[in-house]
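**Student:** Build me a structure from this.
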Amino acid sequence: MKIAALIPAKGFTNAKQRLSSLLGAAERAALAAAMLRDVLRVTLAARGLDSVYVVTGDAKVREIAASMGATAIMEREEKGETEAVMFALLDIKRRGVGAALVIPADIPLLSSQDIELLLGEISRHDGVSPFALLVPSHDRMGTNALLLAPPNAIGLRFGYDSFSYHLSRVAAQKLPLRVLENERIALDIDEPQDLERFLQSGGGQGETYSLVMEMKSAAARSAGEI
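**Tutor:** Have a look, this model is predicted:
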């Protein structure tokens, strides 16, 4: 069975507006781009994936995806995460993909080992009956990873309380409940406190951590603190 990763990514122009109390528009755009590159880098390095896709309506995102070795699925216009993911899942299903791992572009602590851990769960599946594995966000209001076979195994809805919604869809399809807690996947960067958690974690080895530290130092210099 072919397994693909799918990463939805919007354009960077209006990225991460809930961080606007800390970061300007250019900084938020740079942060979103760095997180996308970090997520792409570890996803492309993970063992067990046949392909990695990025769904977007943005030319710059497509350029990043292509430059790193992922395949871009282009939307005519960006309508929202749910619509983008459902559109792309149908596309990759038509390409013969039997299982899809949907992960966001803003989880910079993600490692290749985390992805391989998730893929290990489906390797023990019978390969015939539908399969769904969910990884919640740190507040259990969001769904930060979904591993689905077939790619449209359940209905999807991202945004507020998506984790409860996806649990309900698993139950409605009478599928076995599979939930995996993973603190690195759970931390997506949306709010100022998410950045604090990210820094407290040590940030890993990715580009995002270096960028956030540079921004923090620049802010301190601007305030005359150093």
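**Student:** Going along the chain, name the strands of the chain.
**Tutor:** 3-8, 51-56, 71-74, 99-102, 131-136, 143-149 (DSSP state E).
**Student:** export these to TSV and tack on mean pLDDT, mean neighbour count and distance to residue 27?
**Tutor:** Backbone N, C-alpha and C define where each C-beta goes, glycine included. Listed next are these as TSV, based on pLDDT from 0 to 100; neighbours: other C-beta atoms under 10 Å; distance: least, C-beta to C-beta, whole Å:
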stretch	mean pLDDT	mean neighbour count	distance to residue 27
strand 3-8	98	24	22
strand 51-56	98	24	21
strand 71-74	98	18	25
strand 99-102	97	25	27
strand 131-136	97	22	28
strand 143-149	97	24	23
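**Student:** Including distance to residue 172, could these go into CSV?
**Tutor:** Converted to CSV, the strands of the chain look like this (distance: least, C-beta to C-beta, whole Å):
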stretch, distance to residue 172
strand 3-8, 22
strand 51-56, 25
strand 71-74, 27
strand 99-102, 19
strand 131-136, 11
strand 143-149, 14
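**Student:** middle-most residue in the protein, spatially?
**Tutor:** Nearest to the geometric centre of the chain sits residue 104, at 1.3 Å (C-alpha atoms, centre = their mean).
**Student:** can you pull the contacts of it?
**Tutor:** Residue 104 makes contact with 7-8, 39, 144, 188, according to C-beta atoms under 8 Å, 6 or more residues apart in numbering.
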